[in-house]
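>>> how would this look folded up:
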Amino acid sequence: MSVHLLLSAGRGPQECAWALARLLRRLEADATRQNLETDRTETVAGDRPGTYRSVLIRIAGAGAEAFAASWTGTLCWQAPSPYRAGTGRKNWYVIARPCQVDTPRTAFAEADVDIVACRTGGPGGQHRNKASTAVRATHRPSGIVVVVDTERRFGLNRGIAMRLLRQRIEDGDAAAGRAVTAARHHVHDELVRGDPVRVERPETPKQDPASRKRTRRRP
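Below you'll find the model as predicted:
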């Protein structure tokens with residue numbers, strides 16, 4: 001089982017790209033603790049070194065879907081800006097959404113096409129009607145239907161019908177691919193500040209116990 005999760009800094013300032021990089025490392029560490037594999041399949045770098053405007057990450061393993069759901073929504077990295085010392089803002093937001101990466105291609109095989117001879121009206125007339133030279137072709141997996149009567153011979157119309165079916169299936173697959181890409185681009189505009197599903201902060205360095213004892217002994 002695998003899931004793709006898109007993390008985006010949206011239209012936010014450079015601190016959001018900085019926050020995304022830190023949230024990404026936190027997510028990857030969380031996944032490792034749960035025996036999940038992660039892979040950064042696509043990254044868009046930010047203006048500052050080590051930052052990201054967006055990252056597409058693949059999460060694989062048992063429980064990947066539930067894990068991705070726990071990281072889905074508005075994420076907040078809570079820390080002072082590393083770039084603007086004067087700003088009082090400490091909350092930097094990132095959006096995370098599961099997304100489809102590609103669409104399955106529709107296989108085309110003539111065995112999946114039902115061919116029916118039929119009669120149609122129009123010029124040419126009586127020979128076509130009597131001989132039923134027109135073709136009605138139905139691609140069963142997709143439900144696409146074409147009717148061809150441009151030629152006087154059944155075989156020629158059948159060949160044209162097959163080509164039309166193949167082209168319409170390819171066009172449909174291409175349109176589905178464009179829709180997936182558009183949906184991914186739309187994620188960048190979904191970022192809303194506030195009401196995060198997760199708030200993460202930098203880890204506080206652990207003080208050495210011996211150091212604490214020495215500190216207590218000072219007058």
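>>> Skip the chain neighbours and tell me the closest residue to residue 100.
Closest residue to residue 100 apart from its sequence neighbours, by CB to CB, 6 or more residues apart in numbering: residue 180 at 5.0 Å. (Glycine included, C-beta is placed from N, CA and C.)
>>> can I assume the one you found sits in a helix?
Yes. Applying DSSP: H, G, I helix; E, B strand; the rest coil, one finds residue 180 inside a helix.
>>> Is it in contact with residue 101, as I believe?
Yes. Using CB atoms under 8 Å, residue 180 is in contact with residue 101, at 7.4 Å.
>>> can you list residues touching both of those two?
Residues touching both residue 180 and residue 101 (CB atoms under 8 Å, 6 or more residues apart in numbering): there are none.
>>> which SS state does residue 152 fall under?
coil.
>>> how close does the residue nearest to it when sequence neighbours are not counted get to residue 115?
Distance criterion CB to CB, 6+ apart; nearest residue to residue 152, sequence neighbours excluded, is residue 133 at 5.8 Å. Distance, residue 133 to residue 115, using CB to CB, to the nearest Å: 12 Å.
>>> Could you check which of those two has the larger neighbour count?
Shown here are residue 133 and residue 115; by other CB atoms under 10 Å, residue 133 has more neighbours (24 against 14).
>>> So for stretch 82-93, what gets flagged as buried?
92, 93 (16 or more other CB atoms under 10 Å).
>>> Please read off the pLDDT at residue 151 from the model.
On pLDDT, residue 151 comes in at 90.
>>> Contacts only, for it.
133, 157, 160.
>>> With pLDDT as extra columns, can I get the residues you listed in a markdown table?
Formatted as a markdown table, these follow (pLDDT from 0 to 100):
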| residue | pLDDT |
| --- | --- |
| 133 | 87 |
| 157 | 94 |
| 160 | 95 |
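>>> Show me these that map onto helices.
Taking DSSP state H as the definition of helices, the contacts of residue 151 contribute 157, 160.
>>> Just the closest of the contacts of residue 151 to residue 21, please.
residue 160 (55.3 Å; CB to CB).
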